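Q: pasting the sequence and the predicted coordinates here, then a few questions.
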Amino acid sequence: MKSRKTVAQQKLVDQATDYSTWRAQSMVLDTLEGLDGWKNNPVSRNYQHKLIQQRLINLRAWRKAGDMGLLLCAVPAALGRAVRNDGWLGLPLDRAGAAPVLGALLQQRDAAGLSREHFAINIALTEAHEPQAIADVAAMGVTGLMIMSPWLPNPFFAAPWYRADADPARLETKREAIMRFADQVLARR
């Protein structure tokens, strides 16, 4: 039988109206029910705990540093799938961020003995698509460029044309972002 405190805590979990409240209340409930002991001991024979810990440390450091290139290279499974198939649809990157990712991608493709012919690499370049920028990414192996919707918030990078504090549901926000995008990216061509 559950204690009154546990039942009361479960009600708080059930009544949560947002994720952060639900998470906080659920963590308290886990402690009350004794279901959080595993969190204090990462060692397990069921998985490679040392490897996971090191990857978490690296991912957190690269994320804090804003190094999207290293973050993408750190996911060998994703690059491996692209290498074995017919191309890669990359995340939004600038030239500096794209270089290590594309280098790793093509190196893995070469190491697998697979031809680069008919291997498509598309990225959403996060800077103006000026002739030099296009030439630079083409030299890195990029075969196609994409444009992220300038009127939508972007989970991958802070777009200079989209105000982070703007309400994406408002038509005016979308119009302003499109105008900034036109001024900063399209007008430079």
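A: Yep, it's here. Residues are numbered from 1 along each chain as shown.
Q: domain ranges for this structure?
A: Following automatic domain parsing, the chain resolves into domains at 4-40, 68-146, 148-189.
Q: burial measure for E130, as a count.
A: If you count neighbours by other CB atoms under 10 Å, E130 ends up with 13. For glycine as for every other residue, the C-beta is placed from the backbone atoms N, C-alpha and C.
Q: correction: V142
A: In terms of burial, V142 registers 21 neighbours under the definition other CB under 10 Å.
Q: which pLDDT value goes with it?
A: Looking at V142, its pLDDT reads 95.
Q: equivalent analysis for A82, please.
A: What the model reports as pLDDT for A82 is 84.
Q: which residue packs closest to it, ignoring adjacent ones?
A: W88 (3.8 Å; CB to CB, 6 or more residues apart in numbering).
Q: ramachandran angles for the one you found?
A: W88 has phi and psi values of phi -140, psi 130 when expressed as degrees, to the nearest 10.
Q: and the longest strand along the chain, what's buried?
A: Of all the segments of type strand in the chain, defined by DSSP state E, the longest one is strand 120-124. For strand 120-124, the buried set under the neighbour-count rule, 16 or more other CB atoms under 10 Å, comprises I121, I123, A124.
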